[in-house]
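J.: Have a look; sequence and predicted model below, questions after that.
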Amino acid sequence: MIILREIRESEYSLLKDFLYEAIFIPEGVEPPAQEITEQPELKLYYEEFGTGRADRCIVAEGDGRVIGAVWTRIMNDYGHVDDDTPSFAISLYKEYRGKGIGTELMKRMLELLGKDGFKRASLAVQKANYAVRMYEKVGFRTVDETNEEYIMVCDL
């Protein structure tokens, strides 16, 4: 059984691991070293988490451990649209993907952000990432794009 719950402060360090898991690796490409999460543009996803007004995290717990997480912050990341819109990050360990857990995490977070008074949320996703369909299914739409990524927004 999978349980969705808010993250505990003692678990904040897990966000760094889930950030690494969230990095989209196209088929046939060698994964980067774990240390990539120390780069400044990636540290902003987890550093000092819990101090910002949009710092929220819901984890999925199964098999006696945290197996996935969705978290938001207002940060100047790839999916940043403005200073009032939280950006999403989501990740599940590989063996738990494709089972609907990510969709449930996304829905729960969108509800939470709406209750918190946010008007919309954003994210950036590689065009080749299979998760694009899930994001559309829960209400995100593409508002901008680069050569490699879609910038998506969901009105709450």
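T.: Right, received. Where do you want to start?
J.: CA atoms of the lowest-mean-pLDDT helix or strand in the chain as PDB?
T.: Lowest on mean pLDDT, DSSP states H and E among the helices and strands of the chain sits helix 40-43, with a mean of 90. Extracted in PDB, the C-alpha atoms of helix 40-43 (Å, rounded to 0.1, in the frame of the first residue of the first chain):
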ATOM      1  CA  PRO A  40      24.100  26.100  -8.200                       C
ATOM      2  CA  GLU A  41      21.200  25.800 -10.700                       C
ATOM      3  CA  LEU A  42      20.200  22.500  -9.100                       C
ATOM      4  CA  LYS A  43      20.900  23.300  -5.400                       C
END
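J.: Look at the most far-flung residue of the chain relative to its centre and report its pLDDT.
T.: Residue farthest from the centre of the chain, counting by Cα atoms, centre = their mean, is Gly28 at 23.6 Å. Gly28 carries a pLDDT value of 85.
J.: Confirm that it sits in a strand.
T.: No. Going by DSSP: H, G, I helix; E, B strand; the rest coil, the assignment for Gly28 is coil, not a strand.
J.: on that earlier part again, buried set for the least confident helix or strand of the chain?
T.: Leu42 (16 or more other Cβ atoms under 10 Å). For every residue, glycine as well, the C-beta is placed using N, CA and C.
J.: who's in contact with it?
T.: By Cβ atoms under 8 Å, 6 or more residues apart in numbering, the residues outside helix 40-43 that reach it are Leu19, Ile36, Thr37, Asp77.
J.: check contacts around the residue nearest the centre of the chain.
T.: Closest residue to the average C-alpha location of the chain: Ala89 at 1.4 Å, with Cα atoms, centre = their mean. Contacts were defined as Cβ under 8 Å, 6+ apart; by that measure Ala89 touches Leu15, Phe18, Leu19, Ala22, Tyr45, Ala69, Val70, Trp71, Thr72, Leu123.
J.: What helix or strand is the fifth one located in?
T.: When elements are assigned from DSSP states H and E, Tyr45 belongs to no helix and no strand.
J.: if we can go back for a sec, look up the pLDDT of the residue nearest to the centre of the chain for me, please.
T.: Per-residue confidence (pLDDT) for Ala89: 94.
J.: so what secondary structure elements neighbour the longest strand seen in the chain?
T.: Longest strand in the chain by number of residues (criterion: DSSP state E): strand 65-73. Applying 3 or more Cβ pairs under 8 Å, 6 or more residues apart in numbering; DSSP states H and E, we find strand 65-73 packed against helix 14-22, strand 56-62, strand 87-92, helix 101-115.
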